[in-house]
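any chance you can model this:
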Amino acid sequence: MNGTITDVPGIKVGHYSDYKALTGCSVVIAEEGAVAGVDVRGSSPGTRETDLLRPTNMVQKIYGILLTGGSAFGLDATGGVMQYLEEKHIGFDTGGALVPIVPAAVIYDLDIALSSVRPDKKMGYMAAKNSSDCKVEQGSVGAGTGATVGKIHGMDWAMKSGIGSYSIDLGSDVFIGAMSVVNALGDVYENGNIIAGAREEDGFLDTYEYLKSQNSYSKPLGKNTTLTVVATNASMTKDEANKMAQVAHDGYARAIKPVHTVYDGDCIFAMSTGDVKYDVMTLCEAAAEATEKAIINAVKSTEGVMGLPSYTEISKKG
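Residues are numbered from 1 along each chain as shown. Next up is the predicted model:
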């Protein structure tokens, strides 16, 4: 095991990063197809192809999920992932063509470096081309290249975040893993303590306590989002995959506070790549754990940039 989502059989991950513009995209590929679901909790989402994941809708399998920077502009990168899959003759057979089904979701990273550069079709293609079943690179890479956390006081007091992953061996040849891009308004916690978030002169601000003490504050608008893909090789129906995506949000609540705000676009996708029978309730709880740990890994793996400190820098000072 490598400890990341690619421990799940049938899952590949690829990144593309623009370190000058501080943006990028990441793709989770399932070449053999995956049953999938989604649950969107934040009030400021930017998504594509989420309606087809509802249990009542026709398409039963997807072939990739794109997580990308660039706000709504970044959805253009989905076309590159589709092109890559089409070249490999992978997709939903319509009778006249193979159409690769690739849901997508975005984070807002336009205010950290060059807002004129966003993930596009070329970047999406390269992320897919870079995909492999090796250990997932974490930190300031792919869709996490421009990710930040703790923005209630604006970017001057925020911290650098990124992308993280985590996996669990459930036994009986069943694996579950998560990959999260953490671009939250709130603070990130581990064991009840803030490890990354909004700062003040002598430490962390504590966003929730600050909100309770204020009658008014500068609105952060819809510039925040945490995105996650949870995958398992256990067999699931679309109903069950949607349930797993729903329960996985418990991992957000454990690791981020406040979370699912009106200024966040929080979204979780769930994927099932295999046919191994396993208890669904246990899968859902494991999805929440993997999501929590992936979020923590995202902030612990990153490096500071553009004056935004990282977890490592702050912990050394402490």
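
what are the phi and psi angles of residue 291?
phi -70, psi -50 (degrees, to the nearest 10).

that one: neighbour count?
By the measure other C-beta atoms under 10 Å, the count of residues near residue 291 is 32. From N, CA and C alone the C-beta is placed, and that goes for glycine too.

now residue 26
Residue 26 is flanked by 33 other residues according to other C-beta under 10 Å.

correct me, but it touches residue 17?
No. Using C-beta atoms under 8 Å, residue 26 makes no contact with residue 17, being 9.0 Å away.

now do the shared contacts for those two.
Residues touching both residue 26 and residue 17 (C-beta atoms under 8 Å, 6 or more residues apart in numbering): 141-142.

mind listing what's buried along stretch 30-41?
Within stretch 30-41, the residues scored as buried using 16 or more other C-beta atoms under 10 Å are 30, 33-41.

so how far is it off the chain centroid?
Once both centres are worked out by C-alpha atoms, centre = their mean, to the nearest Å, stretch 30-41 turns out to sit 13 Å from its chain's centre.

what about the strands in the stretch 151-300 of the chain?
Taking DSSP state E, counting those that start in this stretch, the strands of the stretch 151-300 of the chain run over residues 159-160, 163-171, 174-183, 187-190, 193-196, 199-200, 203-204, 225-234, 256-257, 267-276.

of those strands, which is nearest residue 4?
Of all the strands of the stretch 151-300 of the chain, the one in closest proximity to residue 4, counting by C-beta to C-beta, is strand 163-171 (3.8 Å).

output that closest one as CSV, nothing but the C-alphas.
Taking C-alpha atoms only, strand 163-171 is exported to CSV below (Å, rounded to 0.1, in the frame of the first residue of the first chain):
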residue,chain,number,x,y,z
ILE,A,163,-4.2,18.6,-2.1
GLY,A,164,-4.0,15.5,0.1
SER,A,165,-4.8,11.8,0.0
TYR,A,166,-5.3,8.9,2.4
SER,A,167,-6.3,5.2,2.1
ILE,A,168,-7.6,2.4,4.4
ASP,A,169,-7.2,-1.3,4.0
LEU,A,170,-10.5,-2.7,5.2
GLY,A,171,-9.5,-6.3,4.8
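
which helices and strands does that strand pack with?
strand 174-183, helix 280-300 (3 or more C-beta pairs under 8 Å, 6 or more residues apart in numbering; DSSP states H and E).

mean confidence score for that strand?
For strand 163-171, mean pLDDT rounds to 98.

try stretch 99-110
When pLDDT is averaged along stretch 99-110, the result is 96.

what's the answer for stretch 79-91, then?
The average of the pLDDT scores along stretch 79-91 is 97.

so how far is it from its chain's centroid?
Its chain's average C-alpha position is 21 Å from that of stretch 79-91, according to C-alpha atoms, centre = their mean.

so what touches it?
Under the contact criterion C-beta under 8 Å, 6+ apart, stretch 79-91 has outside partners 27, 29, 31, 63-64, 66, 97-102, 120-129.

can you turn the buried part of the residues you listed into a ChimeraX selection?
To isolate the buried members of these in ChimeraX, using 16+ other C-beta under 10 Å:
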select :27,29,63,64,66,99,100,101,102,120,123,124,125,126,127,128
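
next step: the contacts of stretch 79-91 restricted to helices.
Secondary structure from DSSP state H places 121-129 of the contacts of stretch 79-91 in helices.

got these as TSV, with pLDDT columns?
Formatted as TSV, the ones in helices among the contacts of stretch 79-91 follow (pLDDT from 0 to 100):
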residue	pLDDT
121	98
122	98
123	98
124	98
125	98
126	98
127	98
128	98
129	98
